[in-house]
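Participant: this one's sequence-less:
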């Protein structure tokens, strides 16, 4: 039952992120995190993560926290309610539309 629920949440986040211009997200194979590429937004992963927290109230981790191969990526957890995940996706999109 939990596997089904996390798969649903994963799909909401992956689909939502891929619908935001500048973000590309593959389907994660493991835990309850996505690791989308945000280079298309024109922001570094650190600027993306910091700006998103400061201006939209959404916490993500810069991929650079995980080593040099994380450059251009952020880590997003989908271990939350579907309602909160949908709200976070809307905030991410609005943050980018506002010019970051």
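Facilitator: Structure received. This is a predicted model, so every value here is computed, not measured.
Participant: And residue 94, how far from residue 79?
Facilitator: According to Cβ to Cβ, to the nearest Å, residue 94 stands 23 Å off from residue 79. Using the backbone N, CA and C atoms, a C-beta is placed for each residue, glycine as well.
Participant: Ok, residue 27 next?
Facilitator: Residue 27 is 16 Å from residue 79, by Cβ to Cβ.
Participant: ok, now which ones touch the most centrally placed residue in the chain?
Facilitator: Nearest residue to the geometric centre of the chain (Cα atoms, centre = their mean): residue 76, 4.4 Å. Counting by Cβ atoms under 8 Å, 6 or more residues apart in numbering, residue 76 touches 13, 17, 33-36, 60, 88.
Participant: show me where pLDDT drops low in this structure?
Facilitator: By pLDDT under 70, the low-scoring segments of the chain are 100.
Participant: now the strands for it?
Facilitator: Secondary structure of the chain, counting by DSSP state E: strands at 33-34, 61-62, 74-77.
Participant: Which strands border the longest one, and is each parallel or antiparallel?
Facilitator: Looking at strand 74-77 with DSSP bridges, its partner strands are strand 33-34 (antiparallel), strand 61-62 (antiparallel).
Participant: Columns mean neighbour count on top of these, output as a markdown table?
Facilitator: Below are the strands paired with strand 74-77 laid out as a markdown table (neighbours: other Cβ atoms under 10 Å):
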| stretch | mean neighbour count |
| --- | --- |
| strand 33-34 | 18 |
| strand 61-62 | 19 |
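Participant: Which of those sits closest to residue 44?
Facilitator: Minimum separation from residue 44 across the strands paired with strand 74-77 (Cβ to Cβ) falls at strand 61-62, 8.0 Å.
Participant: Quick one: residues in contact with the closest one.
Facilitator: 44-46, 48-50, 70, 74-75.
Participant: Can you show me the helices along this protein?
Facilitator: Counting by DSSP state H, the chain has helices at residues 2-18, 45-56, 82-97.
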